[in-house]
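Asker: Sharing a model prediction with you, sequence too.
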Amino acid sequence: MDPKKIALLVGALIIAGVTAFMAKNMFAGAPAPQAQAAVAPQPVGPKILVATRALPVGTIIGPDSFRYQPWPKELMENAYYVEGQNVDLNKLNGTVVRTAISAGQPITQGALVKSGDRGFLAAALGPGMRAVTVSVSAQSGVAGFVFPGDRVDMVLTQTVDGSDGPALRTSETIIRNVRVLATDQRTVSEDKDGNAEVKVSSNVTLEVTPRIAEKIAVAQSIGQLSLSLRSIADNASELERAIASGDVRVPEGADPKAEKQMLLAIASRPVDTDPTFVTGADVSRFQRRSVPRAQSNSGASNGGAAPSGGATVDPAARGPVVKVWRSSTPTEVTFGGK
């Protein structure tokens, strides 16, 4: 074969192969570029105090309520708490939120009320709530282990006297899930070094509804009030109990965030329904279980004789009355009676 033809044939084959290879790469396409997550730029500037979680009005500030975070210099305000500018974090513990603060929002000096400031206790109260103070001792106040922010139950112990034997001794849990605002004049449970300080108090201030405040005032005149410290986990069980009993109805299609806030508010409210009680017979077989009969009146002490001097007799204490006519004069005759 002619060498020129062979060379042309080889060249054609080479050109065809290169063309096929280029066409394959063109139709197959290059691999898609890998998307990389953009790293948010960290703000550069001084560190200020921000809220670690949502702080509604009335929240008592604790060490876990805030943290330092870098903040853009151009967005700085004079009301911010700036690191290194004479900020004493220990003095912030125990302060009360005056205006609501969102999570991650800077904490301003005007948003907090310090202990001793005017309106401090009023700022600690939730909407529609009242503050009442009860006297306690080492025994009725859990030996000083009740701190501001804890939740307690209130137990009323009383003795009911009567005329038919020994008195009835009973103890009743009249109110549950009450928030402690202060012990004596303290609204924080830590000392200046941040350590828990156990101290027996003589007075405890509680956050209650207006109706419960009236009940507590009456209970203090009836008998002795004692505090029973609640577990932190009891709030969830109290909410489940309220939902199961029908006291709480969760609307369908509600916003999950609004629903969560509603349930948290319900779980933290004081409860004065469905009280529980025990009597002396539940403790000792030699104590009575029932309420004794009330003291008898003066008529019963006179052997059951009818009261004289025109006194009125209770109709419920009389038996059937029959009117008997003798000649023209009627006479009323009473049978039986209590």
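Answerer: It's in.
Asker: which stretch of helix or strand covers the closest residue to K73 other than its chain neighbours?
Answerer: The shortest distance from K73 to any residue other than its chain neighbours is 3.9 Å, reached at G45 (CB to CB, 6 or more residues apart in numbering). The way it works is simple: take the backbone N, C-alpha and C, and place the C-beta from them, glycine included. With secondary structure defined by DSSP states H and E, G45 is part of neither a helix nor a strand.
Asker: Which secondary structure element of this structure has the lowest mean pLDDT?
Answerer: Comparing every helix and strand of the chain by mean pLDDT, DSSP states H and E singles out helix 298-301 as the least confident one, with a mean of 47.
Asker: and after the longest strand anywhere in the chain, which helix or strand comes next?
Answerer: Of all the segments of type strand in the chain, defined by DSSP state E, the longest one is strand 168-183. Sequence order places strand 203-208 as the next helix or strand after strand 168-183, per DSSP H and E.
Asker: Identify each buried residue in that following strand, please.
Answerer: Buried residues in strand 203-208, counted by 16 or more other CB atoms under 10 Å: V204, T205, L206, E207, V208.
Asker: Helices of this protein, start to end?
Answerer: Taking DSSP state H as the criterion, the chain contains helices spanning 3-28, 89-92, 120-124, 210-222, 234-245, 256-267, 298-301.
Asker: Just give me the neighbour total for P210.
Answerer: Number of residues near P210 (other CB atoms under 10 Å) recorded here: 9.
Asker: my bad, should have said V50
Answerer: V50 has 20 neighbours, counted by other CB under 10 Å.
Asker: Also A233?
Answerer: 8.
Asker: so what pLDDT did it get?
Answerer: Predicted confidence (pLDDT) at A233: the value is 74.
Asker: From D88, how far out is the closest residue to K91 other than its chain neighbours?
Answerer: Of all residues not flanking K91 in the chain, K114 sits nearest, at 7.2 Å (CB to CB, 6+ apart). Distance of K114 to D88, computed by CB to CB, to the nearest Å: 11 Å.
Asker: Which one's more surrounded, these two?
Answerer: Each of K114 and D88 had its neighbours counted (other CB under 10 Å), and the higher figure belongs to K114 (14 against 9).
Asker: In this structure the more buried one contacts N93, no?
Answerer: No. Because the distance of 10.4 Å does not satisfy CB atoms under 8 Å, K114 is recorded as not touching N93.
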